[in-house]
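# Pasting a predicted model and its sequence here:
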Amino acid sequence: MDVPHLTAVDTTRAARVLDEVRSAALAGQRTPVAPRPVIGQSWQRMLRGGVDPDHGVRSGLLTHEEVQRRRESSALRHVLPILREGLLSVADVAHHIMVVADEDGRLLWREGSAPVLRKADGIGFEVGADWREEVVGTNGVGTPAVTGRPVQVFAAEHFVRSHAAWTCAGAPIRDPRDGRLIGVVDVSGPLETMHPATLAWVDSVAKLAEARLRETHVRSLERLRAVAAPVLARTGGRALVVDRQGWTAAVTGMPYTERLTLPASVSAGMRWLPALGRCSLEPLAGGWLVRAADGPVTRAATRIGLDLRASRRWSVTASGGAGSWTRELSPRHAELLYLLAVHRAGRSAADLAGDVFGDPARTVTVRAELSRVRRYLGALLDHRPYRFTETAEVELLLPDDPHDLFPYSTAPFLRPRRQPVRGC
């Protein structure tokens, strides 16, 4: 069903059809037409997670002080003028509101049409509220955060019945330095006021915001480079200056590398880094001076802990004689490392593409992702085939309930665990 087109042509019929689809699907009956894949998959997650479709849950609001703290610490504050300029002028006239949430799904800013703001209060769509998908069901804030892409949720496509009077279009905003989700921008309003192009409009403004963050990062590296030049001129051996996220500002005595993987918690002193081995780290204004220790880097026995117990809080820890470090993992990297941990003999790029995407031809995507993984695991991964090194001891920590392993994944190698919504 082409929901955006149907909504533009006949709002009343669209609302009726969507309500029939939702009611049938949630009752376990055959639906008159299949829900859109992004919506059907979200409903499946909600059913598995036990979200009540008939009784919406209102989370406790953050205090005013906590909202202010999150606003001041979020990179979203730097792009708020772009979001306002690109969305608010149209949103207010069209009886929409703009909402900006952080990576935890907490609403930090909310502006737009006054009557619509008052209606939003009635469903708890207010500053400080938690609008993660697993808390309030399918919606324009939580669902884009889970899928990692723009999503428009029309009327009864919302999982919770009390939200069915709304239509929302949300797009994720990512930190261009590491691809990490930092928030979601959403435009919401009554179904009859939404245009099929709303989603593309919101997504384009979100991309403008990401471009501004990228420009800000480039300028910060230029400032750090000016600080680094005289420091590196006095430094012998292999050394580089990086910002607090590991992006390289300047280098001496070694080939240039775009980014150096730093420990999750960085402090001055001797540290072991995957790309360089044992190094000394010294703080600089806005970054770190990293000096590589003399002598070759050896591939000593290392213990790798892959912790997949907590949903969306996956991590990998590497430890050995030179110390240890931990890094949080994206969903895709967690899936790939899980596959390599299960298949210690290794997997080819085609094998992994089939496991993750159901298409062995998507080897370019797999190689690109594993290239990013190697930035922080370095010599602990071999290739041809891809595998952990023989000297690495790998410990796999899994949730007690197998259904809790990657609950939001669409990877084919996990599909046998899933029970589809009938009619989807």
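Right, received. Where do you want to start?

# can you point me to the longest helix in this protein?
What stands out as the longest helix in the chain, according to DSSP state H, is helix 198-233.

# from the chain's centre, how far out does that helix sit?
Centroid separation for helix 198-233 versus its chain: 19 Å, with CA atoms, centre = their mean, to the nearest Å.

# before we move on, what about stretch 145-164?
Taking CA atoms, centre = their mean, one finds the center of stretch 145-164 at 17 Å from the center of the full chain.

# Endpoint to endpoint, that stretch covers what distance?
20 Å (CA to CA, to the nearest Å).

# which strands and helices sit next to the longest helix of the chain?
helix 80-83, strand 151-154, strand 166-174, strand 181-190, strand 239-243, strand 248-252, strand 277-284, strand 287-292 (3 or more CB pairs under 8 Å, 6 or more residues apart in numbering; DSSP states H and E). To be clear about C-beta, it is placed using only N, CA and C from the backbone, and glycine gets the same treatment.

# So for Ser74, which of those sits nearest?
strand 181-190 (6.8 Å; CB to CB).

# where do the strands sit along the stretch 1-150 of the chain?
Per DSSP state E, counting those that start in this stretch, the stretch 1-150 of the chain carries strands over the ranges 97-102, 107-112.

# Please name whichever of the ones you listed is nearest to Gly148.
strand 97-102 (14.6 Å).

# Give me the angle between the closest one and strand 107-112.
Taking axes from the mean of the first three to the mean of the last three CA atoms, to 10 degrees, one finds strand 97-102 and strand 107-112 inclined to each other by 170 degrees.

# Note down every partner strand of strand 97-102 and its orientation.
Sheet pairing for strand 97-102, assigned by DSSP bridges, gives strand 107-112 (antiparallel), strand 181-190 (antiparallel).

# Report the backbone C-alpha coordinates of it in PDB.
The C-alpha coordinates for strand 97-102 follow below in PDB (Å, rounded to 0.1, in the frame of the first residue of the first chain):
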ATOM      1  CA  ILE A  97       5.400  21.100  15.700                       C
ATOM      2  CA  MET A  98       9.200  20.400  15.600                       C
ATOM      3  CA  VAL A  99      10.700  18.100  18.200                       C
ATOM      4  CA  VAL A 100      14.400  17.400  18.800                       C
ATOM      5  CA  ALA A 101      15.300  14.400  20.900                       C
ATOM      6  CA  ASP A 102      18.700  13.200  22.100                       C
END
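
# Can you report how many residues lie near Pro412?
Neighbourhood size, Pro412 [other CB atoms under 10 Å]: 13.

# I'd like to know how far Leu76 sits from Glu111.
Distance of Leu76 to Glu111, given as CB to CB, to the nearest Å: 14 Å.

# go on, Gly124?
Taken as CB to CB, the span from Gly124 to Glu111 is 17 Å.

# Ala27 now?
In terms of CB to CB, Ala27 sits 38 Å off from Glu111.

# quick one: which of those two has more around it?
Shown here are Ala27 and Glu111; by other CB under 10 Å, Glu111 has more neighbours (17 against 11).

# Enumerate every residue touching the more buried one.
Residues in contact with Glu111, defined by CB atoms under 8 Å, 6 or more residues apart in numbering, are 84, 88, 97-98.

# 10 Å - rerun?
Glu111 sits next to 80, 83-84, 87-88, 91-92, 97-100, 117, 127 when contact means CB atoms under 10 Å, 6 or more residues apart in numbering.

# repeat for Pro263
246, 271-273, 281, 318, 323-327, 376.

# Swap in 8 Å and give it another go.
Pro263 sits next to 271, 273, 325-327 when contact means CB under 8 Å, 6+ apart.

# just to revisit the earlier point, so which of the helices and strands packed on helix 198-233 is the most packed in?
strand 151-154 (a mean of 28; mean count of other CB atoms under 10 Å).

# re earlier: can you list the strands paired with strand 97-102 in JSON lines and add mean pLDDT and distance to Arg384?
Shown next, in JSON lines, are the strands paired with strand 97-102 (pLDDT from 0 to 100; distance: least, CB to CB, whole Å):
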{"stretch": "strand 107-112", "mean pLDDT": "96", "distance to Arg384": "46"}
{"stretch": "strand 181-190", "mean pLDDT": "94", "distance to Arg384": "32"}
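
# and the gap between the closest residue to Trp166 other than its chain neighbours and Asp203?
Leaving aside its sequence neighbours, Trp166 sits nearest to Ser188 (CB to CB, 6 or more residues apart in numbering; 5.6 Å). Computed as CB to CB, the Ser188 to Asp203 distance reads 15 Å.

# swap in Val266?
34 Å.

# Check Ser74 too.
20 Å.

# Kindly report the same for Gly236.
Taken as CB to CB, the span from Gly236 to Asp203 is 49 Å.

# between the two, which one's more packed in?
Asp203 (20 against 9).

# okay, the more buried one: pLDDT?
The score at Asp203 is 96. That number is its pLDDT.

# next one: the one 10 residues further on
At Leu213, the predicted lDDT confidence score is 96.

# just the one 5 residues further on next, same as before
Among the per-residue scores, Val218 holds a pLDDT of 93.

# can you redo the helices and strands packed on helix 198-233 as a markdown table with distance to Ser409?
Shown next, in a markdown table, are the helices and strands packed on helix 198-233 (distance: least, CB to CB, whole Å):
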| stretch | distance to Ser409 |
| --- | --- |
| helix 80-83 | 30 |
| strand 151-154 | 17 |
| strand 166-174 | 17 |
| strand 181-190 | 16 |
| strand 239-243 | 32 |
| strand 248-252 | 33 |
| strand 277-284 | 34 |
| strand 287-292 | 35 |
